[in-house]
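1. Return a 3D structure for these sequence lines:
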Amino acid sequence: MLLLENGPGGKPAHFARPRRMIRADAAHEVEPALAAIDIERAGGAWLAGYASYELGYALEPKLAPLNVAPRGEPLIHFGVFDGPQDAAAILAQAEEEAKGAALSRPAALWSQSDHARGVRAIQEYIAAGDVYQVNLTMQMASRVTGTPLGIYGALRRRQTVAHGAFVALPDAPVVLSRSPELFFACDGAGRIETRPMKGTAPRATNPAQDAALRMDLQNSAKNRAENLMIV
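-> Next comes the predicted model:
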């Protein structure tokens, strides 16, 4: 099942009991999976799921030889549904299960020297003109008490964000997502909307405060650089 907090119409949506699953675990399975998704959409079905970060290696020919394996999850994993259900019950369940849910202090799976080595490599790539930005990320490990849905409910209490998802699909890791940013959204007219935070500032209702925020943004070398990266 899937819980999308910013679903159709901006309301929470609960997707349960899929008619079928569409999945790709290897690069050669990606094209058939995408074709199957298009067929289901054209037939009026609802699809909900995710594409893993590592899917990019299968979509970009220059990266395909690297053949980086995903971290235990499919490259593509979507359920085919008749439509979304009201999410009130599943949100209430998450709130109830949050009472016994907790995460231990996360532990980085990289050492400081590993991280420093990555930073130096990125600096060399930038200096050589090979890249203009790199997301340097690493995995972290934590011990869980309670249920995955309870952990999600606990995160909801602590993180008030516009976008959240709980994804528990068959034969795959459970995905918990909380984000203040909208990566992108498409509407029926084919328009794409994105709402990043990097290189931006909140608007103020007071004109003087709004002008001050704009000036701070304009005078910040860091924010100007981040804005150029994403626009």
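2. ok, residues contacting stretch 172-184?
-> Residues from elsewhere that reach stretch 172-184, judged by CB atoms under 8 Å, 6 or more residues apart in numbering: 50, 72-74, 77, 148, 151-152, 155-156, 159, 161-168, 192-197. C-beta coordinates here come from the backbone N, C-alpha and C atoms, glycine included.
3. Look up which helix or strand the most centrally placed residue in the chain falls in, please.
-> The residue lying closest to the centre of the chain (CA atoms, centre = their mean) is Ser177, at 6.3 Å. Using DSSP states H and E, Ser177 sits in strand 175-179.
4. same deal with Ala225?
-> Taking DSSP H and E as the definition, Ala225 sits inside helix 221-230.
5. now swap in Gln209 and tell me
-> Gln209 belongs to helix 207-218, assigned by DSSP H and E.
6. just checking, what packs against that helix?
-> helix 221-230 (3 or more CB pairs under 8 Å, 6 or more residues apart in numbering; DSSP states H and E).
7. just the angle between the helix it packs on and helix 207-218, please?
-> Per axes from the mean of the first three to the mean of the last three CA atoms, to 10 degrees, the angle that helix 221-230 makes with helix 207-218 is 80 degrees.
8. got a list of contacts for stretch 20-35?
-> Here stretch 20-35 makes contact (CB under 8 Å, 6+ apart) with 36-37, 40, 47, 49, 55, 57-59, 64, 67, 70, 74-80, 169-170.
9. quick one on the thing from earlier: point out the ones among the contacts of stretch 172-184 that are inside helices.
-> 148, 151-152, 155-156 (DSSP state H).
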